[in-house]
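> Just need the structure, nothing else, for what follows:
(chains A and B)
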Amino acid sequence: NAGVMQNPRHLVRRRGQEARLRCSPMKGHSHVYWYRQLPEEGLKFMVYLQKENIIDESGMPKERFSAEFPKEGPSILRIQQVVRGDSAAYFCASSPPGALQETQYFGPGTRLLVL
Amino acid sequence: GDSVTQMEGPVTLSEEAFLTINCTYTATGYPSLFWYVQYPGEGLQLLLKATKADDKGSNKGFEATYRKETTSFHLEKGSVQVSDSAVYFCAPLDTGRRALTFGSGTRLQVQP
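Reported below is the predicted structural model:
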């Protein structure tokens, strides 16, 4: 069973460009979470999604950031008009429905560098 | 909201030494508790978990016990190996929001 997959693993953008980060959850998982890790820090929760629904986006910046998890295809975290402060590692996690949904399994992350 | 306090690193040990990484948390209610490990350049791997008071999570020689009275979840291992060198994160799960709260992590360096 393949784990959580994220791509690209590394992404370089210039200020003002858009960044699109993709996450494919583990097979059978219907819950997706996005976290951001700044250098030398822990991860910070951004958003929790189920298929076609945003459940909790309390950790998302109000502007420039958006997330979706469509019925078909991966979850997408989109950052518009990137700034240098967006440089970080972005991790996606997934969990299954039902009683086991508490455990979140993480992908390898996308490391975004804004020049 | 929830918060986590972990001992600051780096923690430097010799191979086969005993390891303790302290973790205390504040949370509303009774969260599930997790330890994750992050190797250089990689994502987080689940190390162990405990879902209720007095539960002991264990995996690969690591153990941690859910102490409700002291709101702690200290990580221990009897004999560390060089391959255990990594950053360790303690994280309570806000079961209402399903959001993990991470501290800044503790870097462990094991020397041969």
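
> which residues touch residue B:104?
Remark: with contacts taken as CB atoms under 8 Å, 6 or more residues apart in numbering or on different chains, residue B:104 is in contact with A:40, A:41, A:42, B:6, B:8. Quick note: C-beta positions are derived from backbone N, CA and C, even for glycine.

> neighbours of the first one, just the number please.
The reference is to residue A:40. Other residues near residue A:40 number 9, with proximity taken as other CB atoms under 10 Å in any protein chain shown.

> How about the secondary structure of it?
For residue A:40, the secondary structure call by DSSP: H, G, I helix; E, B strand; the rest coil comes out as coil.

> for residue A:85, same thing?
In the three-state summary, residue A:85 is assigned as helix, counting by three-state DSSP.

> what helix or strand does residue A:61 sit in?
Secondary structure from DSSP states H and E places residue A:61 outside every helix and strand.

> just the one 5 residues further on next, same as before
Element membership for residue A:66 (DSSP H and E) is strand A:65-68.

> hey, C-alpha coordinates of that strand in PDB?
Below are the C-alpha coordinates for strand A:65-68, written out as PDB (Å, rounded to 0.1, in the frame of the first residue of the first chain):
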ATOM      1  CA  PHE A  65      -3.800  30.500   0.200                       C
ATOM      2  CA  SER A  66      -6.500  28.100  -0.800                       C
ATOM      3  CA  ALA A  67      -6.900  24.300  -0.700                       C
ATOM      4  CA  GLU A  68      -9.200  21.800  -2.300                       C
END
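
> How about residues contacting it?
A:34, A:46-47, A:49, A:54, A:57, A:60, A:75-80.

> Can you tell me, leaving aside adjacent residues, what's nearest to residue 85?
Here I'm looking at chain A. residue A:114 (7.9 Å; CB to CB, 6 or more residues apart in numbering or on different chains).

> meant chain B actually
Here the nearest residue to residue B:85 in space, its sequence neighbours aside, is residue B:110; by CB to CB, 6+ apart that works out to 4.9 Å.

> How much space separates that neighbour from chain A?
20 Å (CB to the nearest CB, to the nearest Å).

> what's the neighbour count on that residue?
For residue B:110, the tally of surrounding residues (other CB under 10 Å) stands at 19.

> beta partners of it?
residue B:13 (DSSP bridges).

> so what's it up against?
B:12, B:13, B:14, B:15, B:17, B:80, B:81, B:82, B:83, B:84, B:85.

> swap in residue A:16?
Shown here is residue A:16, whose contacts under the criterion CB under 8 Å, 6+ apart are A:81, A:82.

> Could you look up the SS state of it?
For residue A:16, the reduced secondary structure class is coil; criterion used: three-state DSSP.

> what's the distance between it and residue A:81?
5 Å (CB to CB, to the nearest Å).

> if we can go back for a sec, parallel or antiparallel, which strands does the strand holding residue A:66 pair with?
Strand pairing for strand A:65-68, using DSSP bridges, gives strand A:75-79 (antiparallel).

> which residues sit against the strand it pairs with?
Strand A:75-79 is touched from outside by A:18-25, A:32, A:34, A:46-47, A:49, A:64-70, A:86, A:90, A:92, A:112, with contacts defined as CB under 8 Å, 6+ apart.
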